[in-house]
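[1] no sequence for this one, just the structure:
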(Lines give C-alpha, C1' and ligand atoms only; values in the text may rest on other atoms or scores of the structure.)
Protein backbone atom coordinates (compact mmCIF):
# COMPACT_ATOMS: atom_id res chain seq x y z
CA UNK A 1 0.00 0.00 0.00
CA UNK A 2 1.04 3.62 -0.43
CA UNK A 3 0.65 6.43 2.11
CA UNK A 4 1.55 9.95 0.96
CA UNK A 5 3.79 8.56 -1.74
CA UNK A 6 5.62 6.16 0.60
CA UNK A 7 5.14 2.43 0.03
CA UNK A 8 4.43 0.08 2.91
CA UNK A 9 3.92 -3.65 3.40
CA UNK A 10 0.80 -4.47 5.40
CA UNK A 11 0.28 -7.74 7.29
CA UNK A 12 -3.50 -7.45 7.04
CA UNK A 13 -3.40 -6.89 3.28
CA UNK A 14 -0.81 -9.62 2.74
CA UNK A 15 -2.97 -12.18 4.54
CA UNK A 16 -6.74 -11.78 4.79
CA UNK A 17 -6.97 -13.80 8.02
CA UNK A 18 -8.24 -12.00 11.14
CA UNK A 19 -5.32 -13.39 13.16
CA UNK A 20 -2.93 -11.26 11.09
CA UNK A 21 -4.09 -8.23 13.08
CA UNK A 22 -2.07 -9.49 16.04
CA UNK A 23 1.16 -9.75 14.05
CA UNK A 24 3.98 -7.31 14.74
CA UNK A 25 5.16 -5.33 12.96
CA UNK A 26 1.75 -4.76 11.42
CA UNK A 27 3.31 -2.61 8.68
CA UNK A 28 6.82 -2.14 7.33
CA UNK A 29 8.15 0.75 5.27
CA UNK A 30 9.69 -0.30 1.95
CA UNK A 31 12.88 1.73 1.59
CA UNK A 32 14.48 -0.35 -1.15
CA UNK A 33 15.67 1.42 -4.28
CA UNK A 34 14.03 -0.59 -7.07
CA UNK A 35 10.59 -2.18 -7.57
CA UNK A 36 12.24 -5.61 -7.77
CA UNK A 37 13.91 -5.13 -4.39
CA UNK A 38 10.67 -3.90 -2.83
CA UNK A 39 8.79 -6.87 -4.24
CA UNK A 40 11.41 -9.26 -2.86
CA UNK A 41 11.15 -7.58 0.55
CA UNK A 42 7.36 -7.99 0.49
CA UNK A 43 7.69 -11.70 -0.32
CA UNK A 44 10.11 -12.14 2.60
CA UNK A 45 7.85 -10.29 5.03
CA UNK A 46 4.80 -12.25 3.92
CA UNK A 47 6.65 -15.54 4.32
CA UNK A 48 7.56 -14.55 7.88
CA UNK A 49 3.92 -13.66 8.59
CA UNK A 50 2.62 -17.00 7.30
CA UNK A 51 5.21 -18.89 9.32
CA UNK A 52 4.21 -16.98 12.45
CA UNK A 53 0.56 -17.78 11.87
CA UNK A 54 1.40 -21.47 11.57
CA UNK A 55 3.61 -21.49 14.65
CA UNK A 56 0.99 -19.69 16.71
CA UNK A 57 -1.68 -22.13 15.56
CA UNK A 58 -3.79 -19.21 14.44
CA UNK A 59 -4.15 -20.32 10.86
CA UNK A 60 -7.31 -22.23 10.03
CA UNK A 61 -6.89 -26.03 10.13
CA UNK A 62 -6.05 -26.96 6.51
CA UNK A 63 -6.35 -30.75 6.69
CA UNK A 64 -9.76 -31.73 5.41
CA UNK A 65 -11.25 -34.79 3.76
CA UNK A 66 -10.64 -35.43 0.08
CA UNK A 67 -13.57 -34.11 -1.95
CA UNK A 68 -12.29 -35.29 -5.33
CA UNK A 69 -10.82 -31.98 -6.48
CA UNK A 70 -7.28 -30.85 -7.26
CA UNK A 71 -7.53 -28.24 -4.50
CA UNK A 72 -8.30 -30.80 -1.80
CA UNK A 73 -5.56 -33.14 -3.04
CA UNK A 74 -2.98 -30.34 -2.91
CA UNK A 75 -4.14 -29.44 0.60
CA UNK A 76 -3.81 -33.05 1.78
CA UNK A 77 -0.33 -33.33 0.23
CA UNK A 78 0.86 -30.30 2.20
CA UNK A 79 -0.80 -31.15 5.51
CA UNK A 80 -0.82 -34.93 5.88
CA UNK A 81 1.57 -35.90 8.71
CA UNK A 82 3.20 -38.63 6.58
CA UNK A 83 3.38 -36.70 3.31
CA UNK A 84 6.71 -36.47 1.40
CA UNK A 85 6.19 -32.71 1.76
CA UNK A 86 7.40 -33.05 5.35
CA UNK A 87 10.74 -34.52 4.26
CA UNK A 88 11.95 -31.70 1.98
CA UNK A 89 13.70 -28.57 3.23
CA UNK A 90 11.75 -25.42 4.01
CA UNK A 91 12.91 -23.60 0.87
CA UNK A 92 11.67 -26.49 -1.28
CA UNK A 93 8.38 -26.49 0.63
CA UNK A 94 7.94 -22.81 -0.22
CA UNK A 95 8.60 -23.55 -3.91
CA UNK A 96 6.13 -26.43 -3.88
CA UNK A 97 3.47 -24.35 -2.13
CA UNK A 98 3.84 -21.61 -4.74
CA UNK A 99 3.40 -24.12 -7.57
CA UNK A 100 0.41 -25.69 -5.83
CA UNK A 101 -1.18 -22.27 -5.31
CA UNK A 102 -0.84 -21.44 -9.01
CA UNK A 103 -2.32 -24.80 -9.99
CA UNK A 104 -5.22 -24.51 -7.54
CA UNK A 105 -6.03 -20.97 -8.59
CA UNK A 106 -6.35 -22.03 -12.22
CA UNK A 107 -7.97 -25.49 -12.01
CA UNK A 108 -8.42 -26.26 -8.33
CA UNK A 109 -12.13 -27.03 -8.65
CA UNK A 110 -11.61 -29.71 -11.33
CA UNK A 111 -12.40 -33.27 -10.27
CA UNK A 112 -9.47 -35.70 -10.41
CA UNK A 113 -11.55 -38.53 -11.90
CA UNK A 114 -12.69 -36.42 -14.85
CA UNK A 115 -9.35 -35.05 -16.06
CA UNK A 116 -8.26 -36.13 -19.55
CA UNK A 117 -5.06 -35.84 -21.51
CA UNK A 118 -6.67 -33.10 -23.58
CA UNK A 119 -7.28 -31.14 -20.37
CA UNK A 120 -3.61 -31.46 -19.41
CA UNK A 121 -2.40 -30.17 -22.77
CA UNK A 122 -4.81 -27.24 -22.62
CA UNK A 123 -3.70 -26.35 -19.11
CA UNK A 124 -0.01 -26.56 -20.01
CA UNK A 125 -0.56 -24.24 -22.96
CA UNK A 126 -2.42 -21.80 -20.71
CA UNK A 127 0.30 -21.79 -18.04
CA UNK A 128 2.94 -21.25 -20.73
CA UNK A 129 1.28 -18.18 -22.26
CA UNK A 130 3.53 -15.11 -22.38
CA UNK A 131 3.09 -12.59 -19.61
CA UNK A 132 2.72 -9.87 -22.22
CA UNK A 133 1.67 -10.06 -25.86
CA UNK A 134 4.66 -10.89 -28.02
CA UNK A 135 6.74 -12.01 -25.03
CA UNK A 136 8.45 -15.40 -24.59
CA UNK A 137 6.52 -18.47 -23.54
CA UNK A 138 6.71 -19.19 -19.82
CA UNK A 139 7.63 -22.85 -20.18
CA UNK A 140 9.34 -22.96 -16.79
CA UNK A 141 6.10 -21.83 -15.15
CA UNK A 142 4.10 -24.46 -17.04
CA UNK A 143 6.64 -27.13 -16.17
CA UNK A 144 6.34 -26.25 -12.47
CA UNK A 145 2.56 -26.62 -12.57
CA UNK A 146 2.72 -30.00 -14.31
CA UNK A 147 5.33 -31.20 -11.81
CA UNK A 148 3.05 -30.07 -9.01
CA UNK A 149 0.15 -32.07 -10.45
CA UNK A 150 2.35 -35.17 -10.81
CA UNK A 151 3.59 -34.71 -7.25
CA UNK A 152 0.22 -34.46 -5.53
CA UNK A 153 -1.26 -37.19 -7.74
CA UNK A 154 1.51 -39.59 -6.73
CA UNK A 155 0.68 -38.98 -3.08
CA UNK A 156 -3.00 -39.51 -3.84
CA UNK A 157 -2.16 -42.90 -5.34
CA UNK A 158 -0.26 -43.85 -2.20
CA UNK A 159 -3.32 -42.91 -0.14
CA UNK A 160 -5.53 -44.89 -2.55
CA UNK A 161 -7.68 -41.83 -3.21
CA UNK A 162 -10.28 -42.26 -5.99
CA UNK A 163 -9.21 -41.25 -9.49
CA UNK A 164 -5.55 -40.67 -8.68
CA UNK A 165 -4.21 -43.92 -10.15
CA UNK A 166 -5.95 -43.22 -13.48
CA UNK A 167 -4.67 -39.64 -13.54
CA UNK A 168 -1.12 -40.79 -12.84
CA UNK A 169 -1.35 -43.14 -15.81
CA UNK A 170 -2.54 -40.29 -18.04
CA UNK A 171 0.30 -38.08 -16.76
CA UNK A 172 2.83 -40.81 -17.57
CA UNK A 173 1.61 -40.92 -21.15
CA UNK A 174 1.66 -37.12 -21.52
CA UNK A 175 4.63 -35.20 -22.91
CA UNK A 176 4.99 -31.45 -22.66
CA UNK A 177 7.42 -28.89 -24.02
CA UNK A 178 10.09 -28.11 -21.43
CA UNK A 179 12.22 -24.99 -20.99
CA UNK A 180 15.69 -25.16 -22.54
CA UNK A 181 18.65 -25.89 -20.29
CA UNK A 182 20.38 -22.87 -18.81
CA UNK A 183 23.09 -21.55 -21.13
CA UNK A 184 24.15 -18.35 -19.38
CA UNK A 185 26.79 -18.03 -16.69
CA UNK A 186 28.93 -15.11 -15.47
CA UNK A 187 32.52 -14.91 -16.67
CA UNK A 188 35.54 -14.07 -14.54
CA UNK A 189 35.55 -10.48 -15.81
CA UNK A 190 31.87 -10.09 -14.98
CA UNK A 191 32.39 -11.42 -11.46
CA UNK A 192 35.28 -9.00 -10.93
CA UNK A 193 33.03 -6.15 -12.10
CA UNK A 194 30.22 -7.39 -9.84
CA UNK A 195 32.50 -7.43 -6.79
CA UNK A 196 33.58 -3.86 -7.50
CA UNK A 197 29.97 -2.75 -8.02
CA UNK A 198 28.91 -4.40 -4.77
CA UNK A 199 31.46 -2.37 -2.85
CA UNK A 200 30.35 0.80 -4.62
CA UNK A 201 26.75 0.34 -3.44
CA UNK A 202 27.86 -0.42 0.10
CA UNK A 203 27.29 -4.17 -0.04
CA UNK A 204 30.61 -5.91 0.72
CA UNK A 205 28.56 -8.95 1.72
CA UNK A 206 27.52 -9.42 -1.92
CA UNK A 207 31.17 -9.08 -2.97
CA UNK A 208 32.16 -11.76 -0.44
CA UNK A 209 29.38 -14.09 -1.62
CA UNK A 210 30.32 -13.60 -5.29
CA UNK A 211 33.98 -14.34 -4.58
CA UNK A 212 33.09 -17.44 -2.58
CA UNK A 213 30.67 -18.83 -5.15
CA UNK A 214 32.88 -18.18 -8.19
CA UNK A 215 36.28 -19.09 -6.77
CA UNK A 216 35.16 -22.22 -4.90
CA UNK A 217 32.16 -23.19 -7.10
CA UNK A 218 30.07 -23.75 -3.96
CA UNK A 219 26.28 -23.67 -4.29
CA UNK A 220 24.60 -20.44 -3.25
CA UNK A 221 22.88 -22.13 -0.29
CA UNK A 222 26.22 -23.47 0.96
CA UNK A 223 27.55 -19.92 0.97
CA UNK A 224 24.68 -17.79 2.33
CA UNK A 225 22.81 -20.56 4.17
CA UNK A 226 19.06 -20.86 4.66
CA UNK A 227 16.42 -20.08 7.28
CA UNK A 228 14.42 -23.05 8.54
CA UNK A 229 11.44 -22.98 10.95
CA UNK A 230 12.55 -24.01 14.45
CA UNK A 231 9.44 -26.20 14.57
CA UNK A 232 10.80 -28.51 11.85
CA UNK A 233 12.11 -31.89 13.05
CA UNK A 234 15.89 -32.00 13.28
CA UNK A 235 16.37 -28.25 13.69
CA UNK A 236 18.76 -27.69 16.57
CA UNK A 237 18.09 -25.13 19.27
CA UNK A 238 20.23 -22.01 19.68
CA UNK A 239 22.38 -20.33 17.08
CA UNK A 240 21.06 -17.52 14.89
CA UNK A 241 17.29 -17.47 15.46
CA UNK A 242 14.81 -14.85 14.26
CA UNK A 243 11.01 -14.95 14.32
CA UNK A 244 10.72 -18.68 14.70
CA UNK A 245 13.44 -19.57 12.19
CA UNK A 246 16.98 -20.73 12.65
CA UNK A 247 19.76 -20.03 10.17
CA UNK A 248 22.14 -22.76 9.12
CA UNK A 249 23.91 -24.43 6.22
CA UNK A 250 25.96 -21.41 5.21
CA UNK A 251 29.64 -20.66 5.65
CA UNK A 252 30.89 -19.37 8.98
CA UNK A 253 34.31 -17.95 9.67
CA UNK A 254 35.09 -20.95 11.86
CA UNK A 255 35.02 -23.09 8.68
CA UNK A 256 38.42 -21.62 7.83
CA UNK A 257 41.18 -23.22 9.89
CA UNK A 258 44.91 -23.35 9.21
CA UNK A 259 44.39 -21.77 5.80
CA UNK A 260 41.84 -24.37 4.67
CA UNK A 261 38.10 -23.97 4.08
CA UNK A 262 36.17 -27.11 5.04
CA UNK A 263 32.45 -27.83 5.21
CA UNK A 264 29.80 -30.43 4.48
CA UNK A 265 27.57 -29.44 1.58
CA UNK A 266 23.87 -29.07 2.35
CA UNK A 267 22.61 -31.01 -0.68
CA UNK A 268 24.62 -34.23 -0.52
CA UNK A 269 26.66 -33.99 2.67
CA UNK A 270 29.86 -34.28 0.62
CA UNK A 271 33.03 -32.97 2.23
CA UNK A 272 34.33 -29.79 0.57
CA UNK A 273 37.93 -28.87 1.37
CA UNK A 274 40.19 -26.32 -0.34
CA UNK A 275 43.19 -24.09 0.43
CA UNK A 276 42.09 -20.48 0.67
CA UNK A 277 45.45 -19.33 -0.72
CA UNK A 278 44.51 -20.92 -4.06
CA UNK A 279 41.66 -18.44 -4.61
CA UNK A 280 42.75 -14.82 -5.18
CA UNK A 281 39.26 -13.27 -5.37
CA UNK A 282 38.34 -14.81 -2.03
CA UNK A 283 41.66 -13.86 -0.45
CA UNK A 284 41.15 -10.23 -1.47
CA UNK A 285 37.68 -10.09 0.11
CA UNK A 286 38.81 -11.79 3.32
CA UNK A 287 41.63 -9.26 3.63
CA UNK A 288 39.04 -6.45 3.71
CA UNK A 289 37.36 -7.89 6.82
CA UNK A 290 39.03 -6.88 10.12
CA UNK A 291 40.22 -9.79 12.27
CA UNK A 292 37.83 -8.82 15.06
CA UNK A 293 34.81 -9.22 12.79
CA UNK A 294 35.68 -12.69 11.52
CA UNK A 295 33.15 -14.54 13.61
CA UNK A 296 29.78 -16.10 12.78
CA UNK A 297 28.31 -16.20 9.24
CA UNK A 298 30.65 -15.01 6.48
CA UNK A 299 27.87 -13.34 4.48
CA UNK A 300 25.66 -11.00 6.51
CA UNK A 301 23.10 -8.46 5.32
CA UNK A 302 24.42 -5.00 6.18
CA UNK A 303 20.86 -3.73 6.70
CA UNK A 304 19.68 -6.31 9.23
CA UNK A 305 22.90 -7.66 10.69
CA UNK A 306 21.66 -11.19 9.97
CA UNK A 307 22.30 -13.69 7.14
CA UNK A 308 20.30 -13.07 3.98
CA UNK A 309 17.06 -14.70 3.03
CA UNK A 310 17.32 -16.05 -0.50
CA UNK A 311 14.94 -13.69 -2.30
CA UNK A 312 16.43 -10.62 -0.65
CA UNK A 313 19.93 -11.80 -1.52
CA UNK A 314 18.89 -12.29 -5.16
CA UNK A 315 17.39 -8.79 -5.27
CA UNK A 316 20.53 -7.09 -3.92
CA UNK A 317 22.75 -9.27 -6.12
CA UNK A 318 20.73 -8.12 -9.14
CA UNK A 319 21.17 -4.49 -8.14
CA UNK A 320 24.97 -4.93 -8.09
CA UNK A 321 24.89 -7.00 -11.28
CA UNK A 322 23.05 -4.29 -13.19
CA UNK A 323 25.54 -1.70 -12.00
CA UNK A 324 28.29 -4.00 -13.28
CA UNK A 325 26.57 -4.33 -16.67
CA UNK A 326 25.67 -8.00 -16.26
CA UNK A 327 22.55 -8.94 -18.30
CA UNK A 328 19.36 -9.82 -16.43
CA UNK A 329 19.33 -13.32 -17.92
CA UNK A 330 22.44 -14.15 -15.87
CA UNK A 331 21.34 -15.19 -12.39
CA UNK A 332 23.19 -15.34 -9.08
CA UNK A 333 22.72 -19.12 -9.05
CA UNK A 334 24.57 -19.31 -12.39
CA UNK A 335 27.81 -18.37 -10.63
CA UNK A 336 28.55 -22.03 -9.88
CA UNK A 337 28.14 -22.89 -13.56
CA UNK A 338 30.45 -19.98 -14.43
CA UNK A 339 33.14 -21.40 -12.15
CA UNK A 340 32.84 -24.89 -13.65
CA UNK A 341 32.85 -23.51 -17.21
CA UNK A 342 36.01 -21.49 -16.48
CA UNK A 343 37.67 -24.63 -15.14
CA UNK A 344 36.94 -26.52 -18.37
CA UNK A 345 38.07 -23.52 -20.43
CA UNK A 346 41.37 -23.64 -18.55
CA UNK A 347 41.82 -27.29 -19.53
CA UNK A 348 41.07 -28.86 -16.14
CA UNK A 349 40.30 -32.58 -16.18
CA UNK A 350 36.70 -33.66 -15.67
CA UNK A 351 37.53 -35.71 -12.56
CA UNK A 352 39.26 -32.76 -10.90
CA UNK A 353 36.37 -30.42 -11.70
CA UNK A 354 33.92 -33.01 -10.37
CA UNK A 355 35.81 -33.14 -7.07
CA UNK A 356 35.83 -29.34 -6.75
CA UNK A 357 32.09 -29.24 -7.45
CA UNK A 358 31.48 -32.14 -4.99
CA UNK A 359 29.42 -33.99 -7.60
CA UNK A 360 29.05 -37.76 -7.25
CA UNK A 361 28.28 -38.20 -10.96
CA UNK A 362 30.55 -36.70 -13.67
CA UNK A 363 27.49 -36.34 -15.92
CA UNK A 364 26.13 -33.72 -13.52
CA UNK A 365 29.40 -31.79 -13.73
CA UNK A 366 29.13 -31.86 -17.52
CA UNK A 367 25.65 -30.32 -17.37
CA UNK A 368 27.04 -27.37 -15.41
CA UNK A 369 29.57 -26.72 -18.18
CA UNK A 370 27.95 -24.01 -20.31
CA UNK A 371 30.49 -24.52 -23.07
CA UNK A 372 32.40 -21.74 -24.81
CA UNK A 373 34.10 -20.80 -28.06
CA UNK A 374 37.42 -21.55 -26.39
CA UNK A 375 36.39 -25.13 -25.71
CA UNK A 376 35.08 -25.70 -29.25
CA UNK A 377 38.20 -24.04 -30.70
CA UNK A 378 40.37 -26.39 -28.64
CA UNK A 379 38.50 -29.39 -30.04
CA UNK A 380 38.80 -28.00 -33.58
CA UNK A 381 42.54 -27.47 -33.14
CA UNK A 382 43.01 -31.04 -31.92
CA UNK A 383 41.06 -32.42 -34.89
CA UNK A 384 43.02 -30.30 -37.38
CA UNK A 385 46.31 -31.45 -35.85
CA UNK A 386 45.12 -35.05 -36.13
CA UNK A 387 44.31 -34.51 -39.83
CA UNK A 388 47.74 -33.05 -40.54
CA UNK A 389 49.43 -35.94 -38.78
CA UNK A 390 47.34 -38.42 -40.81
CA UNK A 391 48.28 -36.73 -44.08
CA UNK A 392 51.99 -36.97 -43.36
CA UNK A 393 51.85 -40.73 -42.72
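    Great, that's in hand. From a predicted model like this one, the values you see are computed outputs, not experimental measurements.
[2] contacts, neighbours, all on C-alpha from now
    OK.
[3] quick one, domains of this protein?
    Following automatic domain parsing, one finds the domains of the chain at 61-173, 188-330.
[4] residue 37: which of those is closest?
    Among these, domain 188-330 comes nearest to residue 37, with 5.1 Å by C-alpha to C-alpha.
[5] what is the mean pLDDT for that closest one?
    The predicted model assigns domain 188-330 a mean pLDDT of 92.
[6] if we can go back for a sec, including distance to residue 8 and mean neighbour count, could the domains of the chain go into a markdown table?
    Formatted as a markdown table, those follow (distance: least, C-alpha to C-alpha, whole Å; neighbours: other C-alpha atoms under 10 Å):
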| stretch | distance to residue 8 | mean neighbour count |
| --- | --- | --- |
| domain 61-173 | 23 | 17 |
| domain 188-330 | 16 | 17 |
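[7] wait, is residue 246 part of a helix?
    No - counting by DSSP: H, G, I helix; E, B strand; the rest coil, one finds residue 246 to be strand, located in no helix.
[8] could you give the bridge partners of it?
    Note on residue 246: beta-bridge partners by DSSP bridges are residue 228, residue 241.
[9] can you convert the domains of the chain into a markdown table and add a column each for distance to residue 46?
    Formatted as a markdown table, the domains of the chain follow (distance: least, C-alpha to C-alpha, whole Å):
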| stretch | distance to residue 46 |
| --- | --- |
| domain 61-173 | 12 |
| domain 188-330 | 12 |
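[10] which of those sits closest to residue 361?
    Between the domains of the chain, domain 188-330 lies closest to residue 361; by C-alpha to C-alpha that is 11.8 Å.
[11] returning to that earlier point: residue 350: which of the domains of the chain is closest?
    domain 188-330 (14.3 Å).
[12] helices of the stretch 51-200 of the chain, start to end?
    Using DSSP state H, counting those that start in this stretch, the helices of the stretch 51-200 of the chain run over residues 70-79, 90-107, 117-127, 139-158, 164-173, 188-200.
[13] that older thread, of the domains of the chain, which is nearest residue 351?
    Nearest to residue 351, of all these, is domain 188-330, at 14.7 Å by C-alpha to C-alpha.
[14] still on that earlier bit, can the helices of the stretch 51-200 of the chain go into JSON lines with extra columns for distance to residue 50?
    As requested, these are exported to JSON lines (distance: least, C-alpha to C-alpha, whole Å):
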{"stretch": "helix 70-79", "distance to residue 50": "14"}
{"stretch": "helix 90-107", "distance to residue 50": "11"}
{"stretch": "helix 117-127", "distance to residue 50": "26"}
{"stretch": "helix 139-158", "distance to residue 50": "21"}
{"stretch": "helix 164-173", "distance to residue 50": "30"}
{"stretch": "helix 188-200", "distance to residue 50": "32"}
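[15] ok, and what's touching stretch 118-131?
    Contacts of stretch 118-131 with the rest of the structure, by C-alpha atoms under 8 Å, 6 or more residues apart in numbering, involve 136, 137, 138, 139, 140, 141, 142, 143, 145, 146, 176.
[16] quick one: it to chain centroid distance?
    From the chain centre to the centre of stretch 118-131 is a distance of 24 Å (C-alpha atoms, centre = their mean, to the nearest Å).
[17] cool, and stretch 207-224?
    Distance, centroid of stretch 207-224 to centroid of chain: 14 Å (C-alpha atoms, centre = their mean).
[18] then stretch 242-249?
    17 Å.
[19] element containing residue 16?
    In the assignment (DSSP states H and E), residue 16 maps to no helix and no strand.
[20] per-residue pLDDT of it, please?
    73.
[21] that one: neighbour count?
    A count of nearby residues for residue 16, using other C-alpha atoms under 10 Å, gives 10.
[22] what about it, distance to residue 43?
    Computed as C-alpha to C-alpha, to the nearest Å, the residue 16 to residue 43 distance reads 15 Å.
[23] contact partners for residue 90?
    227, 228, 229.
[24] apply 7 Å and report the result again.
    Residues near residue 90 by C-alpha atoms under 7 Å, 6 or more residues apart in numbering: residue 228.
[25] for residue 332, see how far away it is.
    Residue 90 is 20 Å from residue 332, by C-alpha to C-alpha.
[26] likewise residue 39?
    Applying C-alpha to C-alpha, the value for residue 39 to residue 332 is 17 Å.
[27] and these two? Which one has more around it.
    Counting neighbours by other C-alpha under 10 Å for residue 39 and for residue 332 shows that residue 332 has the greater number, 20 against 17.
[28] phi and psi next, for that one.
    phi -60, psi -40 (degrees, to the nearest 10).
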